[in-house]
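> Below are the sequence and a predicted model; questions follow.
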Amino acid sequence: MDNTAGHAHYSTLHIARVPSELGPVIRCSGELTVATGESLRRELNLLSSLRHPTLLLDVSGCRSIDADGVLLLVDTDRRMHEQGRRLAIIADAASTACIFEAPGGEGILPVFPTQAAAELALRGVGSISDHRPLTAIRTDC
């Protein structure tokens, strides 16, 4: 909780699940933080038990993502990769997308600017490269 000018501010994360041709899309809006990440973790665990081969996670509506939020996404990507499944993250806002870049511009997660771009890559039209381990999170965004 952050008290600014005497007003309480509570972090919130709104999650909606919608179907797509390739699998479920989870759309998040609000703040993905240590305080809100558990609701996303529960949703991801539920979907994991359903064994969808592909999951699209849209964080474009997130105003902020803290280190715990990024680690949740990295862990989700790792677990899905180990199970032979694929994750694509949609992050169109420059301030959100740059969080997922390592120095030198190399991506640390499969991040796409739109759902359409993610779906093309998952179909093999674009590319989802093999992931490199997380080396840094940019803080100059």
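Yep, it's here.

> can we go C-alpha only for contacts and neighbour counts from here?
OK.

> other SSEs contacting the lengthiest strand in the chain?
Assignment by DSSP state E gives strand 54-65 as the longest strand of the chain. Strand 54-65 sits against strand 25-32, strand 86-90, helix 94-97, helix 115-122, with contacts defined as 3 or more Cα pairs under 8 Å, 6 or more residues apart in numbering; DSSP states H and E.

> Pick the most deeply packed of those.
strand 86-90 (a mean of 23; mean count of other Cα atoms under 10 Å).

> For that strand, which helices and strands make contact with it?
Going by 3+ Cα pairs under 8 Å, 6+ apart, strand 86-90 lies up against strand 54-65, helix 67-82, strand 111-112, helix 115-122.

> export these to TSV and tack on distance to Ser29 and mean pLDDT?
As requested, those are exported to TSV (distance: least, Cα to Cα, whole Å; pLDDT from 0 to 100):
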stretch	distance to Ser29	mean pLDDT
strand 54-65	4	92
helix 67-82	13	91
strand 111-112	16	86
helix 115-122	15	89
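
> out of these, which comes closest to Ser48?
helix 67-82 (8.2 Å; Cα to Cα).

> now for the closest one, which elements pack on it?
helix 37-49, strand 86-90.

> Noted, bye for now.
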